[in-house]
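Chemist: Here you go, sequence then predicted model.
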Amino acid sequence: MTRILAAITLPLSIVLTILVTIVCSVPIIIAGMVKLLLPVPGIWRKVSIFCNFMMYCWCAGLAALLRLNPHLQWDVEGLEGLSKKNWYLLICNHRSWADIVVLCVLFRKHIPMNKYFLKQQLAWVPFIGLACWALDMPFMKRYSRSYLLRHPDRRGKDVETTRRSCEKFRRYPTTIVNFVEGSRFTHEKRQQTHSPYQHLLPPKAAGIAMAINVLGSQFDKLLNITLCYPNNDRHPFYDMLSGRLTRIIVRVQLEPINEELHGDYVNDKTFKRRFQRWLNTLWDKKDIQIEEIKTSYKNAGQ
């Protein structure tokens, strides 16, 4: 019976999600075309406000779809003290496409609308790239170590892209989201990267180091988010769409952005090592936290 319900729920959820996305993204795409054709600062500001409102509507639509699952339970800690008037840098472990839905739905009423660091390739995807650009999403162009060895002139270009993207966020409260692992966690990727963590990939520090360097004085706090799906660890997004997702665990920790986190990540090797140690320490604690969450729910039989 459960499989039959899942077989019915999955296509229905996909159709409804697509409909919500189309309804909210078409106005954003049209606004993006206006922004592209009329590069006037006053118009751009109004377009950004409108696009943020449409993204909020998209998040609200996804929240309504999640409420259709009667089995889904949220376990959230740490939302106290958040404000939509503040600037935040949000880092999070990345397990699934479901992570983006969870962050949008959960934080839409607590902090400024999320701006995600996106891979440069998305900028060229028809409609999606234009919508993300209209929403002021910062694009990151990552180069592999082997590519940089062959093309040393490209070193630091991805960081410079981050700098230009972040400058625009000085004008209004913003939440910049960075999945610092750079990719969704899988056990295969864990082995390929020789990750020292049990539940995480090694974090990449350049993106958030540049964001702090550009906007450090404006960031009120660092939001260190830990996500876990203890009962649906293998395929959280598929289970979300098919109505099988039963529990979402979110832990929010507010971290200070101290002066020692400000510096030249590209040229100052001492600062670079210090920043990486700081981020690795956060990841050490996050890995332990995820293990404790999974163990507690396993022992409770949930």
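Modeler: Cool, the structure landed.
Chemist: Residue 83 against residue 111, yeah?
Modeler: Yes: if you go by C-beta atoms under 8 Å, residue 83 and residue 111 touch, sitting 7.3 Å apart. All C-beta atoms are positioned from the backbone trio N, CA, C, and that covers glycine.
Chemist: need the helices for the stretch 101-250 of the chain, in chain order.
Modeler: Ranges of helices in the stretch 101-250 of the chain, per DSSP state H, counting those that start in this stretch, are 128-134, 145-150, 157-167, 187-192, 206-215, 236-241.
Chemist: tell me what the fifth one is packed against?
Modeler: If I follow you right, that is helix 206-215. In terms of contact count using 3 or more C-beta pairs under 8 Å, 6 or more residues apart in numbering; DSSP states H and E, helix 206-215 is assigned the packing partners strand 88-92, helix 157-167, strand 175-178, helix 269-299.
Chemist: and the ones you listed as JSON lines, adding mean neighbour count, distance to residue 11 and mean pLDDT?
Modeler: Conversion of the helices and strands packed on helix 206-215 to JSON lines gives the following (neighbours: other C-beta atoms under 10 Å; distance: least, C-beta to C-beta, whole Å; pLDDT from 0 to 100):
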{"stretch": "strand 88-92", "mean neighbour count": "24", "distance to residue 11": "29", "mean pLDDT": "95"}
{"stretch": "helix 157-167", "mean neighbour count": "17", "distance to residue 11": "37", "mean pLDDT": "69"}
{"stretch": "strand 175-178", "mean neighbour count": "25", "distance to residue 11": "30", "mean pLDDT": "92"}
{"stretch": "helix 269-299", "mean neighbour count": "15", "distance to residue 11": "30", "mean pLDDT": "93"}
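Chemist: what's the closest residue to residue 115 other than its chain neighbours in contact with, if anything?
Modeler: In space, not counting the residues next to it along the chain, residue 115 is nearest to residue 176; the distance is 5.3 Å by C-beta to C-beta, 6 or more residues apart in numbering. Residue 176 makes contact with 88, 89, 90, 115, 117, 138, 166, 169, 211, 215 under the criterion C-beta atoms under 8 Å, 6 or more residues apart in numbering.
Chemist: Phi and psi next, for residue 268.
Modeler: Listed backbone geometry of residue 268 is phi -100, psi 100, with angles given as degrees, to the nearest 10.
Chemist: cool, and residue 252?
Modeler: Per degrees, to the nearest 10, the backbone of residue 252 is at phi -110, psi 120.
Chemist: my guess is it contacts residue 221, does it?
Modeler: No: look at residue 252 against residue 221 with C-beta under 8 Å: they stay out of range, at 10.3 Å.
Chemist: residue contacts, residue 265?
Modeler: 159, 205, 206, 209, 210, 213, 271, 272, 275.
Chemist: Out of the helices and strands packed on helix 206-215, the one nearest residue 42 is which?
Modeler: If you check each of these against residue 42 by C-beta to C-beta, helix 157-167 wins as the nearest, at 17.9 Å.
Chemist: sorry, back to before: make TSV out of the helices and strands packed on helix 206-215 and add distance to residue 69.
Modeler: Putting the helices and strands packed on helix 206-215 into TSV (distance: least, C-beta to C-beta, whole Å) gives the following:
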stretch	distance to residue 69
strand 88-92	22
helix 157-167	35
strand 175-178	24
helix 269-299	18
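Chemist: Now do the helix or strand containing residue 65: which elements does it pack against?
Modeler: Under the assignment given by DSSP states H and E, the secondary-structure element containing residue 65 is helix 41-66. Using 3+ C-beta pairs under 8 Å, 6+ apart, the elements in contact with helix 41-66 are helix 2-37, helix 98-107, helix 128-134.
Chemist: So, low pLDDT: which residues of the protein?
Modeler: Across the chain, the stretches falling below the confidence threshold (pLDDT under 70) are 1-7, 141-145, 148, 155-162, 165, 300-302.
Chemist: thinking again about what came up before, for the residue nearest to residue 115, which residues make a bridge with it?
Modeler: Each beta-bridge partner of residue 176 is listed here: residue 89, residue 115, as defined by DSSP bridges.
Chemist: Residue 100 versus that one, what's the distance?
Modeler: According to C-beta to C-beta, to the nearest Å, residue 176 stands 14 Å off from residue 100.
Chemist: ok, now residue 177?
Modeler: From residue 177 over to residue 100 the distance is 9 Å, taken as C-beta to C-beta.
Chemist: next one: residue 150
Modeler: Computed as C-beta to C-beta, the residue 150 to residue 100 distance reads 33 Å.
Chemist: what about these two, which has more around it?
Modeler: Counted by other C-beta atoms under 10 Å, residue 150 and residue 100 do not tie: residue 100 has more neighbours, with 17 against 9.
Chemist: which residue sits closest to the more buried one, ignoring its sequence neighbours?
Modeler: Nearest in space to residue 100, with sequence neighbours left out and distances taken as C-beta to C-beta, 6+ apart, is residue 116 at 7.2 Å.
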